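Engineer: Provide a 3D model corresponding to the input given below.
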Amino acid sequence: MKDDKPKQQGRVENTTGNGMSMAMLLQAEIYTGDLRAIDKKLFKTGPINEADVLQLKSVLVTLANVRDFEATARFTYREYHLPSTIYKPLRKHFDLAKYLRNKFVGHMHPELLAQALERSPLVSKILPSSRDRQMMVLINLWLLETAINTYVEEDGQHKVFDTVPDLLYPPEWEHFGSFMLSAIDGAMEYLKLLREYWGPKVALIPPAHTTREEIATAGRQRYKYLTQ
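Structural biologist: Numbering: from 1, shown residues only. Take a look at the predicted model:
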């Protein structure tokens, strides 16, 4: 097993061969910035307004992005495995975040709405006549709670929690908040280790050393449609 201490030698341009590329390092920097902007008080007090709900959704998106990023960065553990020791114990946190992003945040799954209305039919009577912003906060929490509670095995056993959380009950929100904070702190540490190790090995070309031909070539590049 190789030494896990960061190595300062062997600076290369844009890639390290079997290590992180400049694009991957840029991803790590962006996700770190997103996580750094989070107000952690949210996970102690709970959402109290629409901006809090939006931030909560943003957190789930970023954690899900970190989860996807880790799958692409896994090959780098052959040289530097320390980040994997941070990520592995928190894998279930990131898996849940991705599930919530896919079913509640990035895409509102129709079955989620159906199960939510079935569980709380009173909401269907309140919603059409309600324009209260605080009511929308509660409805978002209700949908989030439903999404969490659908994260179950085939036998109905929850994949993460021992009991079904009630996010409107402060002690259970605190428990969920601790779960989220563990994921946030773990993601920050994971990305920090990658950035500190691979950053010195991925060298940008200084602008002064960029030739006119390189600039002209870049200017002629056409944008391409991003396929899935």
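Engineer: rest of the way, CA atoms for contacts and neighbours
Structural biologist: OK.
Engineer: V137 reaches V53, doesn't it?
Structural biologist: Yes. The criterion here is CA atoms under 8 Å, and V137 meets it with V53 at 6.7 Å.
Engineer: between the two, what contacts are shared?
Structural biologist: Contact criterion CA atoms under 8 Å, 6 or more residues apart in numbering; residues shared by V137 and V53: P47.
Engineer: what pLDDT does the spatially most central residue of the chain get?
Structural biologist: The geometric centre of the chain, computed from its C-alpha atoms, lies nearest to L63 (CA atoms, centre = their mean), at 1.3 Å. In this prediction, L63 carries a pLDDT score of 98.
Engineer: helix, strand or coil: sort out it for me.
Structural biologist: Judged by DSSP: H, G, I helix; E, B strand; the rest coil, the three-state class of L63 is helix.
Engineer: and the helix or strand where M180 lies, what does it pack onto?
Structural biologist: When elements are assigned from DSSP states H and E, M180 belongs to helix 170-198. Counting by 3 or more CA pairs under 8 Å, 6 or more residues apart in numbering; DSSP states H and E, the packing neighbours recorded for helix 170-198 are helix 22-36, helix 42-45, helix 50-73, helix 82-87, helix 91-100.
Engineer: pLDDT of that helix, averaged?
Structural biologist: The average pLDDT within helix 170-198 is 95.
Engineer: and if you look at stretch 99-111?
Structural biologist: Model confidence over stretch 99-111, given as mean pLDDT, is 92.
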